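> My questions are about this predicted structure, shown below with the sequence.
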Amino acid sequence: MRVLLSTLGSRGDVQPLVALASRLKALGLQVRLCAPPDFARWVATFRIPFVPVGPPWRRSAAPTARAAALRPSPARLRQLAESSVAVQFEVLSGAAGDCDVLVASTGLQIAARTVAERRGIPYVYTALCPAALPSPHHPPPPLPLLGEAPAPASADNGELWAANLRHVNDTFAAPLNALRTAVGLVPVDDVSDHIHSDQPWLAADPTLAPWPEAADPTVYQPGAWLLPDERALPAELTAFLEAGGPCVYVGFGSVAAPPGLLETALRAVRAVGCRLVVSRGWAPLAPVDRAPDCVVVGEVNQQALFGKVAAVVHHGGSGTTTTAALAGTPQVVIPQVYDQHYFARRVCALGIGSAHPGSVPTVESLTAVLGAVLRPEVAARARAFAAVIRTDGAQAAAQRLTTALGA
């Protein structure tokens, strides 16, 4: 049996599929991963066949402050939609040629289900966050291309979702249905319903990020798809951590960091009596001085690192949030885009950290939030919460898929 796994997005979108692919391989299935070209070399280290799709994703990691300037005109948005749908269909059609099922993650994959229908193979849609699926219990994630801000707590979720779904239809219905007609398939009335399918999967921890309608049998939630990491931490980092004094981690992964974040973080961390570990990420963050209380690292084992720091300051991506929760370390979430606002709310609601007010911290605001999460009672809640995080989500999903295929 052959499985095609496909996603469009950042490292946080690709890594869960690598985790699932690894589990499927262990069960004897053949897998192929389709993702942006940025991740080809990394995926190759797992000996997973890789098919690049679309332009490099790193180009989209633009500073949030420039979002309005980068927002495309309606005409340009239509052009981008047509091009994206065409490229997806061409690449995925080739990649799915000998596959028995197509598993797609993220709602940007407009053509994936059409490819599966044309090939006559099953299609599985997977969300990485409950907020990506329509529900009256939460607002839709703000759309970065439209420069949307997070919805206020008083907003009507039904009206917000109706507007969101109208925008998706307005943008993608015409190019998608033109493609479907050209390949002999009937047009769709609702693009979002078509993408999500009537039985979506939710690869998120059921306690950290629960589907709000727990008794809903149409959403399968096995837990987050975690990729085990056995790498040792670099010797320089280990020496820094052991040199004495608590450390705070700051990293924004493949999301562009707010302007001046590193200088702000260094001053705030010093104000609360800690030292600083900075992850360069895609920002890239670079040291502002050669002070002995700050170290900058590249790609390292976050699972090992997060358990050795006093707090984790990050953007609120699903993977980073789950990893910090599993480490039992208090979090400060400074959300920038999309589902990061959801995870900021959840961390705050669970009492395992705080959501920073706004996307651009000042020394004063970050110092205040750090002071709050470094309290002993927050650390105790974070440690206790770590015990309820599921670590078998990818295995459960792989077994379900294998059973469904009769493999």
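Arrived safely. Source: prediction; values computed, not measured.
> domain assignment for the protein?
Domain ranges of the chain: 2-226+391-405, 235-386, per automatic domain parsing.
> Most tightly packed of those domains?
Most buried of the domains of the chain by mean neighbour count (mean count of other CB atoms under 10 Å) is domain 235-386; its value is a mean of 20. All C-beta atoms are positioned from the backbone trio N, CA, C, and that covers glycine.
> So for that one, mean pLDDT?
Domain 235-386 carries an average pLDDT of 93.
> Centre of the chain to it, how far?
Offset of domain 235-386 from its chain centre (CA atoms, centre = their mean, to the nearest Å): 17 Å.
> Repeat that for stretch 93-109.
Centroid separation for stretch 93-109 versus its chain: 19 Å, with CA atoms, centre = their mean.
> From one end of it to the other, what's the distance?
Distance between the boundary residues of stretch 93-109 (CA to CA, to the nearest Å) amounts to 13 Å.
> quick one: contacts for residue 308?
By CB atoms under 8 Å, 6 or more residues apart in numbering, the residues touching residue 308 are 241, 247.
> ok, it to residue 247 distance?
Using CB to CB, to the nearest Å, one gets 7 Å for the distance from residue 308 to residue 247.
> quick one: common contacting residues for those two?
What both residue 308 and residue 247 touch, as defined by CB under 8 Å, 6+ apart, is the set residue 241.
> for residue 272, phi and psi?
Residue 272 adopts backbone torsions of phi -100, psi 10, taken as degrees, to the nearest 10.
> From residue 372, how far off is it?
For residue 272, the distance to residue 372 equals 10 Å [CB to CB].
> can you check residue 76 too?
Counting by CB to CB - residue 76 and residue 372 are separated by 43 Å.
> Likewise for residue 299?
Counting by CB to CB, the gap from residue 299 to residue 372 is 30 Å.
> and what of residue 258?
Going from residue 258 to residue 372 by CB to CB gives 19 Å.
> now swap in residue 218 and tell me
Note on residue 218: its distance to residue 372, by CB to CB, is 38 Å.
> cool, residue 286 as well?
Going from residue 286 to residue 372 by CB to CB gives 28 Å.
> Pull up the per-residue confidence for the residue nearest to residue 100 when sequence neighbours are not counted.
Distances taken as CB to CB, 6 or more residues apart in numbering put residue 1 closest to residue 100, at 5.0 Å, once the chain neighbours are dropped. On pLDDT, residue 1 comes in at 90.
> so what's residue 1 up against?
Residue 1 makes contacts with 29-30, 100-101, 402, 405, 407, as judged by CB under 8 Å, 6+ apart.
> next one: residue 349
Residue 349 makes no contacts at all, as judged by CB under 8 Å, 6+ apart.
> where does it fall, phi/psi-wise?
Backbone torsions for residue 349, taken as degrees, to the nearest 10, come to phi -60, psi -30.
> May I ask you to name the longest helix in this protein?
Secondary structure of the chain per DSSP state H: the longest helix is helix 157-182.
> Dig out what residue 31 forms beta bridges with.
Using DSSP bridges, the bridge partners assigned to residue 31 are residue 3.
> Please name the residues that touch the closest residue to residue 212 other than its chain neighbours.
Nearest residue to residue 212, sequence neighbours excluded (CB to CB, 6+ apart): residue 137, at 3.6 Å. Residues in contact with residue 137 (CB under 8 Å, 6+ apart) are 157, 212-213.
> all strands of the stretch 101-250 of the chain, in order?
Taking DSSP state E, counting those that start in this stretch, the strands of the stretch 101-250 of the chain run over residues 101-105, 123-127, 201-202, 247-251.
> How about residue 6: what's its closest non-neighbour residue?
For residue 6, the nearest residue in space outside its immediate sequence neighbours is residue 34; the separation is 4.0 Å by CB to CB, 6+ apart.
> wait, what's in contact with that neighbour?
Residue 34 makes contact with 4-7, 50-53, 91-92, 95, according to CB under 8 Å, 6+ apart.
> relative to strand 101-105, how tilted is whichever strand or helix holds it?
In this assignment (DSSP states H and E), residue 34 forms part of strand 30-35. For strand 30-35 against strand 101-105, the angle by axes from the mean of the first three to the mean of the last three CA atoms, to 10 degrees is 30 degrees.
> and the gap between the residue lying farthest from the centre of the chain and residue 174?
Distance from the C-alpha centroid of the chain peaks at residue 184, with 34.2 Å (CA atoms, centre = their mean). Distance from residue 184 to residue 174, counting by CB to CB: 18 Å.
> Then residue 279?
41 Å.
> doesn't residue 58 fall inside a helix?
Yes - according to DSSP: H, G, I helix; E, B strand; the rest coil, the state of residue 58 is that of a helix.
> Do you have the helices of the stretch 251-400 of the chain handy? List them.
Counting by DSSP state H, counting those that start in this stretch, the segments of the stretch 251-400 of the chain that form helices are 261-271, 302-306, 318-327, 340-350, 363-373, 376-386, 393-405.
> Mind checking the ones you listed for the one nearest to residue 25?
helix 393-405 (9.0 Å; CB to CB).
> avg pLDDT for that closest one?
Rounded mean pLDDT across helix 393-405 is 96.
> Which elements pack onto that helix?
Helices and strands touching helix 393-405, as assessed by 3 or more CB pairs under 8 Å, 6 or more residues apart in numbering; DSSP states H and E, comprise helix 11-26, strand 101-105.
> Including mean pLDDT, could those go into JSON lines?
Formatted as JSON lines, these follow (pLDDT from 0 to 100):
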{"stretch": "helix 11-26", "mean pLDDT": "96"}
{"stretch": "strand 101-105", "mean pLDDT": "97"}
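> and these as CSV, adding distance to residue 350?
Converted to CSV, these look like this (distance: least, CB to CB, whole Å):
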stretch, distance to residue 350
helix 11-26, 20
strand 101-105, 25
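> how about these, which one is nearest residue 324?
Smallest distance to residue 324 across the helices and strands packed on helix 393-405 (CB to CB): 12.9 Å, for helix 11-26.
> Sounds good, over and out.
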